[in-house]
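Chemist: Got a predicted model here, sequence first, then my questions.
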Amino acid sequence: MKVTLIIPDKDYERLVKSGRRLRGSLGLISPRVMDMRLYADGQRNRRELVWRKLEHGRVSVNTMAMTARVSMFFNLTETGLCPWKQVKLESEVASEFLYDNDL
């Protein structure tokens, strides 16, 4: 099977300059034509990521890019769990964590 792959010029130049694999996503335009978009540079330094575990998730801060992310996962079969109350309680803990990390 022959497939045509469409890559933007700047992404192709980045691929040639790097000489290694780059991550991206493929979008199917038609059964034989795909469009490729590379992900952001991904040179994020993992040491810059600070995180804290919450009861049902975690909060992380990437100090290099000044971004914050809060993720929570609930098992709805837990007895006595009210998701909206947990979100409120854990978001307060996450907010304190972000404040302590100067975000």
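Modeler: It's in.

Chemist: drop to CA atoms for contacts and neighbour counts, all remaining ones
Modeler: Will do.

Chemist: Pick out the residue closest to the middle of this protein.
Modeler: Arg69 (8.6 Å; C-alpha atoms, centre = their mean).

Chemist: looking at it, Phe73 is touching Arg58, isn't it?
Modeler: No: contact criterion C-alpha atoms under 8 Å: Phe73 and Arg58 do not qualify, at 9.2 Å.

Chemist: Between those two, tell me which one has more neighbours.
Modeler: Neighbours were counted for Phe73 and for Arg58 using other C-alpha atoms under 10 Å; Arg58 has more, 17 against 11.

Chemist: what ranges do the helices span in the protein?
Modeler: Assigned by DSSP state H, the helices in the chain fall at 9-18, 83-100.

Chemist: Could I get those in TSV, plus columns for mean neighbour count and mean pLDDT?
Modeler: Below are these laid out as TSV (neighbours: other C-alpha atoms under 10 Å; pLDDT from 0 to 100):
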stretch	mean neighbour count	mean pLDDT
helix 9-18	12	86
helix 83-100	14	84
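
Chemist: Dump these to a markdown table, plus distance to Pro31.
Modeler: Below are these laid out as a markdown table (distance: least, C-alpha to C-alpha, whole Å):
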| stretch | distance to Pro31 |
| --- | --- |
| helix 9-18 | 22 |
| helix 83-100 | 42 |
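
Chemist: No more questions from me, cheers.
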